[in-house]
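Undergrad: need the 3D shape of this:
(2 chains)
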Amino acid sequence: MPTISTRRGIVAVTAIGAASLALTACVPNAGTGANAQSIAVTASDTACEVETAQAQSGTLTFTVQNNGSKVTEFYLLGSNELTILGEVENIAPGTSRNLTVQLGPGDYFTSCKPGMVGAGVGQAAFAVTGDAVATTPEEDAVVAQYISYVKAQTEELVPQVEAFVAAYQAGDDATARTLFPIARINYERIEPTAEQFGDLDPKIDYRKPGAIEEGLPFTGFHRIEQDLWLDEAIANYSTPEKDHYPKDDLKPLTPEERTELGEQLLADVNELKDEVASPDFTLTLADITEGAKGLLDEVAAPDGKLTGEENEFAHTDLYDFTANVEGAQVAFDTVRGLLEANGGEDLAQELDTRFADMFALLESYGSYDAGFVFYDTVGQQQRNELAAKLTALSEPMSKLTAGVVQG
Amino acid sequence: MTAHEQPDEIGQTTEESDPGALRPSRRGLLGLLGAGAAGLALGGGAATALAAQAGGGSGPESGAVPFHGAHQAGIVTPAQDRLHFAAFNMVSGTARDDLIALLRDWTEAAERLVRGQEVGTGLEPDNPLLPPDDTGEAASLGAGNLTLTFGLGRQLFTARTGAADPEDPFVIRSRLPRAFEPLPSFAFDLLDATQSGGDLCVQACADDPQIAVHAIRNLARIAAGRAHLSWSQLGFGRTASTSRRQDTPRNLFGFKDGTANIMAEDEASLAEHIWVGTEAPDWMRGGSYLVARKIQMTIESWDRASLGEQERIIGRTKREGGPLSGGHEFAAPDFAAPSAENAAHPAIDIAAHMRLAHPNQNGGARMLRRGYNYVDGSNGLGQLGAGLFFISFQRDPQTFVRVQQSLRADLLNEYIRHIGSGLWAIPSGVQSGDFLAQALFE
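TA: This is a model prediction of the structure:
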């Protein structure tokens, strides 16, 4: 669970070196480079060593030397460990690239991603002290930051789904059940973006009623969920409310069917990863802010997490709930500089408070690592309290687009 | 509140300026138009309220009931036909300042809503990327005699039992009135916790259900982060008269209800039985206590009971509503009068609902009833989810307790179940410039 703290005076980023993505969240009012601090980073296939864990605010240049055998990436992350403030990719073995950023005081994290896929290695805290940095946010840079985040999430999604599918195909149901909610985290953080790719979300994440209504084959996470929690599914679809749905698929799948279903899900999440990595993939500022609102609406929807309908057999809704809120927080965090530059400091502060409240309540139910309680054990009054915190967050979130996008 | 009882209030409302209406903005204009029949000129709302009263109460003309006064509106106001009642709980972690801010914001919104005006910046914010402050479904419907009556639950003073809250989260425990004790459990209670209680309640009554729903919806939205909707109830068809100018309505058993109610015109009885006096802390003086009971009716069984059985259970005739001891609807019941068929038995059964509920049988205990019929759709067994959303106002909750305990032997119990319950302190009325329950925090 990320800890939320306000960062001010974020970040100007220029990634120096050919083929590296320029992520300039903010450009410094003064020229860069005059008093740049240089920080060496040594990357390998298993480590990401930064020569110092602290620096003075101002212009920082990370010189990333890749001593590993895989092409790697270097990330500078926000205090929530999710927001990407700077990134340099395609660092070939034996080569070096620079990432130059303007950092105000605050808590950050550094991380490398050998092979440019997965959760990364050697994530470490990086503290900056000193004076605030005056910066002017740039919309294009903010959008680029968020696109980097979406890409990184799909890069983490693929190996998580691989592990889940491998256990499922091997017939290791106990492991597959444990991995099911974990494999969904990265997807749930960026779901509104994934939904932009027409047929991918229906294949990856449709629930049974949705697939039936639209006449689509029932595939993806929730089809596997039904197979892994078959007894729950049979009981669930025998209740009067759901009795009208076909029941002929409420039987165990054969190993061959498991293989086919798993391969399909893998192919679909890989396609998602390729789509967002395409140079054609782009988002607008409003996509980001409305997507943040959309993530919270996903939680509150009648077939969403608050009602426990999302994972109606596995009851792992609190993982998805948390991931949706994290995704919304990253989107907000990414556009915060623009909001504040437009005079939206009060809204930013309110959102900080509401996110902190929401995360605190979710944390009382568990964590990804320790596990969340199953949602069918969460009583009506507790659900009402979760809804109260979500509403408290969603109302100010509905003002974010207006605070960020200049009409 | 009627002009008849509160002549000062009308003048006060007339003098009030409405900043929203004076502003030459599009919103201000919309606010004015939204007032509709409530009048386009300042004070028009009050004028129409007078007209509505002269015309015989809750007619189709959409009057505006003043929000300000010595007592909250929605108690002796001639009962409107539609109800949306809502209970809220304070969000965990909130403190005194949040409660005060909420009551201020609700006061400001209520002042606009009862005039038929849009809340906040209305339907059309300056920046179209913002969601509208007002949800819009009541635009141009007028004020519809909307009243908003606000109450405070006991938990607000004492903290939720078993919760991790501090004992006095809003620092008002010392202001808890002595009479504000929780209701005991009663025989045949089948209470559902998800339809009971609440830190705050709002009773929205109007001529038009959409106006009442709009009010609750917007107040709930304004409460975000401070208070959260716990449960709410729609009601239609008032089941009580609160003014002599109103006919006695019928409940879903098909009987007239509330014949012996205290009427708005009976100021001495109101002062004695409804309005809290000097026995309470000053924030409650002029206030009252609201009891709400969601009473499910097994109407399918009732409908199969013979006319004679139905009348015996109620103690009144079905069409006229007169007591079985004889006479018209408002004739005083003679509880000693013998039955015409069997002189060994009283005409009004010893366990008839009307006998057991009558003030004469309860040491003179009287309350002002203001309930509504409800039908929450139907269940999967082909039975309507029908009943009475009972609301009563009384000076002391013990009045309700006493009557309800008397009803233990009520023949009617075979056909009803109490499935929801709540008790709230209704603070005194709000003066212009003040906010709800302000004296509680001073």
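
Undergrad: below-threshold pLDDT in the chain: ranges please.
TA: Let's take chain A. For chain A, the stretches with pLDDT under 70 are A:1-35, A:407.

Undergrad: should've been chain B
TA: Residue ranges of chain B with pLDDT under 70: B:1-62, B:160-166.

Undergrad: what ranges do the strands span in it?
TA: All strands of chain B, identified by DSSP state E, fall at B:82-90, B:147-153, B:200-206, B:227-238, B:288-297, B:368-369, B:372-378, B:384-394, B:416-426.

Undergrad: what's the most buried one of those strands?
TA: Among those, the stretch with the highest mean neighbour count (mean count of other Cβ atoms under 10 Å in any protein chain shown) is strand B:200-206, at a mean of 28. From N, CA and C alone the C-beta is placed, and that goes for glycine too.

Undergrad: that one - contacts with which helices or strands?
TA: strand B:82-90, strand B:147-153, helix B:209-222, strand B:288-297, strand B:416-426 (3 or more Cβ pairs under 8 Å, 6 or more residues apart in numbering or on different chains; DSSP states H and E).

Undergrad: residues in contact with that strand?
TA: For strand B:200-206, the external contacting residues (Cβ atoms under 8 Å, 6 or more residues apart in numbering or on different chains) are B:74, B:77, B:79-80, B:82-90, B:106, B:144-153, B:156, B:212-213, B:215-216, B:219, B:227, B:290, B:292, B:370, B:391, B:422, B:424.

Undergrad: show me which residues of the stretch 251-400 of chain A sit near chain B.
TA: A:354, A:357, A:361, A:380-381, A:384-385, A:387-389, A:391-392, A:394-396, A:398-399 (Cβ under 8 Å from any Cβ of the partner chain).

Undergrad: mind giving me the ChimeraX select for the residues you listed, buried ones only?
TA: Buried residues among these (16 or more other Cβ atoms under 10 Å in any protein chain shown), as a ChimeraX selection:
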select /A:354,357,361,384,385,387,388,389,391,392,394,395,396,398,399
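
Undergrad: in helices only, show me the residues of the stretch 251-400 of chain A next to chain B.
TA: Cross-referencing these against helices under DSSP state H gives A:354, A:357, A:361, A:380-381, A:384-385, A:387-389, A:391-392, A:394-396.

Undergrad: rewinding a little: next, format the helices and strands packed on strand B:200-206 as CSV and append distance to B:Arg316.
TA: As requested, the helices and strands packed on strand B:200-206 are exported to CSV (distance: least, Cβ to Cβ, whole Å):
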stretch, distance to B:Arg316
strand B:82-90, 24
strand B:147-153, 29
helix B:209-222, 29
strand B:288-297, 17
strand B:416-426, 16
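
Undergrad: how about the longest helix along chain B against chain A, any contact?
TA: If you go by DSSP H, chain B has its longest helix at helix B:96-113. No. Helix B:96-113 lies out of reach of chain A by Cβ under 8 Å from any Cβ, never closer than 10.5 Å.

Undergrad: now do that helix against strand B:200-206, angle only.
TA: Counting by axes from the mean of the first three to the mean of the last three Cα atoms, to 10 degrees, helix B:96-113 lies at 0 degrees to strand B:200-206.

Undergrad: mind giving me the packing neighbours of helix B:96-113?
TA: For helix B:96-113, the packing partners by 3+ Cβ pairs under 8 Å, 6+ apart are strand B:147-153, helix B:209-222.

Undergrad: at the contact with chain A, which residues of chain B appear?
TA: With Cβ under 8 Å from any Cβ as the criterion, chain B comes near chain A at residues B:89, B:91-93, B:125, B:127-131, B:193-194, B:221, B:224-226, B:228, B:230, B:380.

Undergrad: from these, keep the buried residues only.
TA: Counted by 16+ other Cβ under 10 Å, the residues of chain B next to chain A give B:89, B:91-93, B:125, B:129-130, B:221, B:224-226, B:228, B:230 as buried.

Undergrad: B:Gln383 against B:Ser301, yeah?
TA: No. Contact criterion Cβ atoms under 8 Å: B:Gln383 and B:Ser301 do not qualify, at 9.4 Å.

Undergrad: show me the contacts for the nearest residue to A:Ala40 once chain neighbours are set aside.
TA: Leaving aside its chain neighbours, A:Ala40 sits nearest to A:Glu51 (4.5 Å; criterion: Cβ to Cβ, 6 or more residues apart in numbering or on different chains). Applying Cβ under 8 Å, 6+ apart, we find A:Glu51 in contact with A:39-42.

Undergrad: out of those residues, which comes closest to A:Leu99?
TA: Nearest to A:Leu99, judged by Cβ to Cβ, of the contacts of A:Glu51 is A:Val41 at 8.5 Å.

Undergrad: just to revisit the earlier point, which one (most neighbours) among the contacts of A:Glu51?
TA: Neighbour tally across the contacts of A:Glu51 (other Cβ atoms under 10 Å in any protein chain shown): the maximum, 23 neighbours, falls on A:Val41.

Undergrad: ok, that residue to A:Gly120 distance?
TA: Here the criterion is Cβ to Cβ, to the nearest Å. By it, A:Val41 lies 13 Å from A:Gly120.

Undergrad: same deal with A:Cys48?
TA: To A:Gly120, A:Cys48 is 8 Å away according to Cβ to Cβ.

Undergrad: for the helix or strand where A:Val276 lies, which helices and strands make contact with it?
TA: When elements are assigned from DSSP states H and E, A:Val276 belongs to helix A:255-277. Where contact means 3+ Cβ pairs under 8 Å, 6+ apart, helix A:255-277 is packed against helix A:139-169, helix A:200-205, helix A:221-228.

Undergrad: can you tell me which of those is nearest to chain B?
TA: Nearest of the helices and strands packed on helix A:255-277 to chain B, taken as Cβ to the nearest Cβ: helix A:139-169 at 14.7 Å.

Undergrad: pull out the buried positions in the helix or strand following that closest one.
TA: Toward the C-terminal end, the helix or strand that comes next after helix A:139-169 (DSSP H and E) is helix A:173-189. Neighbour-count burial for helix A:173-189, counted by 16+ other Cβ under 10 Å, picks out A:176-177, A:179-189.

Undergrad: with distance to B:Ile350 as added columns, please give the residues you listed in JSON lines.
TA: As requested, the buried residues of helix A:173-189 are exported to JSON lines (distance: Cβ to Cβ, whole Å):
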{"residue": "A:Ala176", "distance to B:Ile350": "69"}
{"residue": "A:Arg177", "distance to B:Ile350": "64"}
{"residue": "A:Leu179", "distance to B:Ile350": "70"}
{"residue": "A:Phe180", "distance to B:Ile350": "65"}
{"residue": "A:Pro181", "distance to B:Ile350": "63"}
{"residue": "A:Ile182", "distance to B:Ile350": "68"}
{"residue": "A:Ala183", "distance to B:Ile350": "70"}
{"residue": "A:Arg184", "distance to B:Ile350": "66"}
{"residue": "A:Ile185", "distance to B:Ile350": "68"}
{"residue": "A:Asn186", "distance to B:Ile350": "72"}
{"residue": "A:Tyr187", "distance to B:Ile350": "69"}
{"residue": "A:Glu188", "distance to B:Ile350": "65"}
{"residue": "A:Arg189", "distance to B:Ile350": "69"}
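
Undergrad: what's the nearest residue to the residue nearest to the spatial centre of chain B if we skip its chain neighbours?
TA: In chain B, the centroid-proximal residue (Cα atoms, centre = their mean) is B:Gln203; its distance is 4.8 Å. Among residues not flanking B:Gln203 along the chain, B:Thr149 sits closest, at 4.2 Å (Cβ to Cβ, 6+ apart).
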